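K.L.:
coords below, sequence missing:
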């Protein structure tokens, strides 16, 4: 660095520069050359065409063995779905990869002054986290699912509550196993 720019250095950088200069002058006085050790790269003996073919075959075998019998690191509930199901392991991994790329591309919106941009970033971040939880733990935490979050999850009543007359309390849009259907407004009007 030129001396006329020394005033731009921090105190730590100035100390380091002074120490380096002192070290260099001491080595010169002692007659020792300041050489950095060079790494010696060993040259390989060239392979014959037969050896290259044999090595390629061994490598192909090793690659094939590497993933055989290796189960994906996912919850059994996720692995139980058919591959064409929207929440299957294969589809979930593909959607997760797609949304991670989207999240990287909109990272600049995280601290945007526009609330819609911030909201878009937060939705993408939450969806990526929820997909990760789904694959790892088998618990879906989001209300939406799909590649573009186009599908909506439905509620399922596992333990129905009852009113004082003993009738089951029902919410519109919830699946009830006793009637094997989603409770709709029309059904609610018929009962009333």
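P.N.:
Yep, that arrived. In this text the structure is predicted, and so the values were computed from the model without any measurement.
K.L.:
list the buried residues of stretch 89-105.
P.N.:
For stretch 89-105, a neighbour-count test (16 or more other C-beta atoms under 10 Å) marks 89, 91-92, 95-96, 99, 103 as buried. C-beta coordinates here come from the backbone N, C-alpha and C atoms, glycine included.
K.L.:
okay, those in CSV with secondary structure, distance to residue 56 and pLDDT next?
P.N.:
Converted to CSV, those look like this (DSSP: H, G, I helix; E, B strand; the rest coil; distance: C-beta to C-beta, whole Å; pLDDT from 0 to 100):
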residue, secondary structure, distance to residue 56, pLDDT
89, helix, 32, 92
91, helix, 34, 93
92, helix, 35, 93
95, helix, 36, 95
96, helix, 34, 95
99, helix, 37, 95
103, helix, 39, 94
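K.L.:
can you tell me which of these is nearest residue 25?
P.N.:
Nearest to residue 25 among the buried residues of stretch 89-105 is residue 103, at 53.4 Å by C-beta to C-beta.
K.L.:
surely residue 124 is in contact with residue 99?
P.N.:
Yes: using C-beta atoms under 8 Å, residue 124 is in contact with residue 99, at 6.2 Å.
K.L.:
and the pLDDT at the most centrally placed residue in the chain?
P.N.:
Centre of the chain computed as the mean C-alpha position; nearest residue by C-alpha atoms, centre = their mean is residue 100, 5.9 Å away. Looking at residue 100, its pLDDT reads 95.
K.L.:
could you do residue 62 as well?
P.N.:
pLDDT for residue 62: 90.
K.L.:
quick check: which element contains the residue nearest to the centre of the chain?
P.N.:
Applying DSSP states H and E as the criterion places residue 100 in helix 89-105.
K.L.:
name the next helix or strand following the longest helix seen in the chain along the chain.
P.N.:
Criterion DSSP state H: the longest helix present in the chain is helix 115-137. Downstream of helix 115-137, the next assigned helix or strand under DSSP H and E is strand 144-145.
K.L.:
what's in contact with that following strand?
P.N.:
By C-beta atoms under 8 Å, 6 or more residues apart in numbering, the residues outside strand 144-145 that reach it are 86-87, 127, 150-153.
K.L.:
re the thing from before, what helices and strands are in contact with the helix holding residue 100?
P.N.:
helix 76-79, helix 115-137 (3 or more C-beta pairs under 8 Å, 6 or more residues apart in numbering; DSSP states H and E).
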